[in-house]
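Chemist: Below are the sequence and a predicted model; questions follow.
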Amino acid sequence: MAKQQKGESTRITKQGDWVTYRPDIKVLDCTIRDGGLMNDHKFDDEFIKAVYRTCVEAGIDYMELGYKASKKIFAPSEFGTWKFCDEDDIRRIVGDNNTNLKLSVMADAERTDYHQDILPKKDSVIDLVRVATYIHQIPTALDMIKDAHDKGYETTLNLMAISTVQDRELNEALEVIAKSEVRVIYLVDSFGALYSEQIRDLTKKYLKYARAAGKEVGIHTHNNQQLAYANTIEALILGASWLDASLAGLGRGAGNCQLELLLGFLHNPKFHLRPVLMCIRDWIEPLRSQLRWGFDIPYMLTGLLNQHPRSAIKFMSGENWKDIVEFYDSLAEKE
């Protein structure tokens, strides 16, 4: 190793730093959308504005505001504004969004009235529509993608719970998805159950189908086994270019890849860490006493057993939430 000269930076660079300067990398902040799963999307306007300002100042590419959920299925009286993301509510926060930040919403297959609730792009400040689907809902999801694409939006398809999908079935699904109008196909570790070698194999598989069709691959991870950040980096290095993260990992249950960690890894001058840290200090951390998201052993156990974290979320909200042995026994009985 060459001797360091006076005045040189002491920062140790990673062997893989080159990946962080790829022009195709997009960072999407899902704090409001995924975090809303912890409080039925009942964030007040000042909180949303704070996250919006942070994303703008930090140079984030996309900010996801919430869902486009059906008001016939989900009663507005039971959920907050960001379960539905009506245009007037969004504009109350961002105006005409005269910034470089693009705005996103998520629409769940079979849970949104997309023909009427997703306006033509010319009438909306939204830029990106992300369709979330389980594998058995793909025909509906593809119709939603076509609808959004024809209305003028960028689109992603987020294929959920793939840790439960058989390889042949996944291959068939990716082949069909790659032929659609979608721009980005997302690898989603819904249960936080996947390990790095699985992420590696799956990313390569997604890239094979996506690149052949001129599409990109994204990664969305959960932190049940404290692997959200590591798995995101694994997919990034292999070629995934759309990266989901949230402020302090705020998200359902164990939470997501932490935005502050991801930006620190990227070392890309287009991103700025200080606004992110300020928002975490002033707005995100005060929520912990109310929402209590992030890694905990009950979430670890559902991840290990490749189960949906809903049982852990319910357990964590009960009075006996510290009895992790009791929770483990309840899961083991179902195996």
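Modeler: Received it, and whenever you're ready, just let me know what you need. Numbering: from 1, shown residues only.
Chemist: and K26, how many neighbours does it have?
Modeler: 17 (other C-beta atoms under 10 Å). For every residue, glycine as well, the C-beta is placed using N, CA and C.
Chemist: what separates the helix or strand where D329 lies from the chain centre, distance-wise?
Modeler: Assigned by DSSP states H and E, D329 falls within helix 324-334. Chain-centre distance of helix 324-334: 29 Å, with C-alpha atoms, centre = their mean, to the nearest Å.
Chemist: now stretch 262-280
Modeler: Here stretch 262-280 is found 17 Å from its chain centre; the criterion is C-alpha atoms, centre = their mean.
Chemist: How about stretch 221-231?
Modeler: Counting by C-alpha atoms, centre = their mean, stretch 221-231 comes out at 12 Å from the chain centroid.
Chemist: how about it: buried residues?
Modeler: Of the residues in stretch 221-231, 221-225, 227-231 count as buried by neighbour count, 16 or more other C-beta atoms under 10 Å.
Chemist: now stretch 284-299
Modeler: Buried residues in stretch 284-299 (16+ other C-beta under 10 Å): 284, 287, 293-296, 298-299.
Chemist: Now do the strands in the stretch 101-250 of the chain.
Modeler: Along the stretch 101-250 of the chain, counting by DSSP state E, counting those that start in this stretch, strands occupy 102-108, 128-133, 154-159, 184-188, 216-220, 242-245.
Chemist: Adding mean pLDDT, write those strands out as JSON lines.
Modeler: JSON lines is the format used below for the strands of the stretch 101-250 of the chain (pLDDT from 0 to 100):
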{"stretch": "strand 102-108", "mean pLDDT": "98"}
{"stretch": "strand 128-133", "mean pLDDT": "98"}
{"stretch": "strand 154-159", "mean pLDDT": "98"}
{"stretch": "strand 184-188", "mean pLDDT": "98"}
{"stretch": "strand 216-220", "mean pLDDT": "98"}
{"stretch": "strand 242-245", "mean pLDDT": "98"}
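Chemist: Please produce TSV containing those, extended by distance to F74.
Modeler: Shown next, in TSV, are the strands of the stretch 101-250 of the chain (distance: least, C-beta to C-beta, whole Å):
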stretch	distance to F74
strand 102-108	10
strand 128-133	15
strand 154-159	19
strand 184-188	21
strand 216-220	22
strand 242-245	23
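Chemist: among these, which is nearest Q166?
Modeler: strand 154-159 (13.3 Å; C-beta to C-beta).
Chemist: circling back: make TSV from the strands of the stretch 101-250 of the chain and add distance to N39 and mean neighbour count to it.
Modeler: Putting those into TSV (distance: least, C-beta to C-beta, whole Å; neighbours: other C-beta atoms under 10 Å) gives the following:
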stretch	distance to N39	mean neighbour count
strand 102-108	16	23
strand 128-133	19	26
strand 154-159	21	23
strand 184-188	22	23
strand 216-220	20	25
strand 242-245	19	26
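Chemist: So for N306, which of those strands sits nearest?
Modeler: Using C-beta to C-beta, those put strand 184-188 closest to N306, at 13.8 Å.
Chemist: Mind listing the strands the closest one pairs with, and their directions?
Modeler: Strand 184-188 has the following sheet partners, assigned by DSSP bridges: strand 154-159 (parallel), strand 216-220 (parallel).
Chemist: tell me how far the last one is from the chain's mean position?
Modeler: When C-alpha coordinates are averaged (C-alpha atoms, centre = their mean), strand 216-220 and its chain have centres 10 Å apart.
Chemist: ok so, going back, and of the strands paired with strand 184-188, who's closest to V51?
Modeler: Across the strands paired with strand 184-188, closest to V51 is strand 216-220 (C-beta to C-beta), at 17.8 Å.
Chemist: which residues are contacting that closest one?
Modeler: 24, 28, 30, 156, 158, 183-189, 199, 203, 206-207, 210, 231-232, 235-236, 239-244, 256 (C-beta atoms under 8 Å, 6 or more residues apart in numbering).
Chemist: okay but L331 is in contact with Q307, surely?
Modeler: Yes. Between L331 and Q307 there is a contact at 7.0 Å, judged by C-beta atoms under 8 Å.
Chemist: How is the chain partitioned into domains?
Modeler: 17-289, 297-334 (automatic domain parsing).
Chemist: tell me the most buried of the ones you listed?
Modeler: domain 17-289 (a mean of 19; mean count of other C-beta atoms under 10 Å).
Chemist: shouldn't I177 be in contact with I185?
Modeler: Yes. Counting by C-beta under 8 Å, I177 does reach I185; the two are 5.7 Å apart.
Chemist: which residues do the two both contact?
Modeler: With C-beta under 8 Å, 6+ apart as the test, I177 and I185 both reach 157, 159, 209.
Chemist: which residues sit in contact with the second one?
Modeler: By C-beta under 8 Å, 6+ apart, the contact set of L159 is 133-135, 138, 173, 177, 185-188.
Chemist: Serialize those residues to TSV and add fields for distance to D167.
Modeler: Converted to TSV, these look like this (distance: C-beta to C-beta, whole Å):
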residue	distance to D167
T133	18
Y134	17
I135	12
I138	16
A173	11
I177	15
I185	16
Y186	18
L187	14
V188	16
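Chemist: Nearest to G214 among the residues you listed?
Modeler: With C-beta to C-beta as the yardstick, the closest approach to G214 among the contacts of L159 comes from I185, at 11.6 Å.
Chemist: The closest one pairs with what?
Modeler: L157, V217.
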